[in-house]
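Asker: Here you go, sequence then predicted model.
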Amino acid sequence: MREARYLVRVHEAKRALRVDKEVEEAVKGALGKKMIRKMKREYVECPVAGRRVSFLECFTCISFIRRVRGVVHCSGEGFGRKL
């Protein structure tokens, strides 16, 4: 099992953040429309990318391990899509 290098808190934004169509299409089969809409309004201060990232992008990242009670466990391997 991968070890969590970073524990990053998930924040709620007032407006939805922009997400690439590729990311949205990748999770469309696994998640419902309502869940995707909610995830677009959430963001994390990504320590790997060094910027504010939509949680939907974080969810599809190669470093994403899990999300527990508003905290993302990140392995810090790199920033990129696994899908």
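Answerer: Right, received. Where do you want to start?
Asker: and the longest strand for the chain?
Answerer: Counting residues, the longest strand found in the chain (DSSP state E) is strand 6-12.
Asker: Mind listing the strands that strand pairs with, and their directions?
Answerer: Paired neighbours of strand 6-12 in the sheet (DSSP bridges): strand 42-46 (antiparallel), strand 71-74 (antiparallel).
Asker: can those go into TSV with extra columns for mean pLDDT, mean neighbour count and distance to E24?
Answerer: For the C-beta atoms, the positions are set from N, CA and C on the backbone; glycine is no exception. Converted to TSV, these look like this (pLDDT from 0 to 100; neighbours: other Cβ atoms under 10 Å; distance: least, Cβ to Cβ, whole Å):
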stretch	mean pLDDT	mean neighbour count	distance to E24
strand 42-46	95	20	14
strand 71-74	95	20	19
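Asker: could I get those as JSON lines with distance to H11?
Answerer: Shown next, in JSON lines, are the strands paired with strand 6-12 (distance: least, Cβ to Cβ, whole Å):
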{"stretch": "strand 42-46", "distance to H11": "6"}
{"stretch": "strand 71-74", "distance to H11": "11"}
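Asker: and K14, which of the ones you listed is closest to it?
Answerer: Proximity to K14, assessed across the strands paired with strand 6-12 by Cβ to Cβ, is greatest for strand 42-46 (10.8 Å).
Asker: Name the residue closest to the centre of this structure, please.
Answerer: C58 (2.1 Å; Cα atoms, centre = their mean).
Asker: Contacts for the helix or strand hosting that one next, please.
Answerer: Under the criterion of DSSP states H and E, C58 resides in helix 55-59. With contact meaning Cβ atoms under 8 Å, 6 or more residues apart in numbering, helix 55-59 is reached by 8, 10, 19-20, 23-24, 27, 36, 39-40, 42-44, 46, 64, 67, 72, 74.
Asker: Nice, that's everything, thank you.
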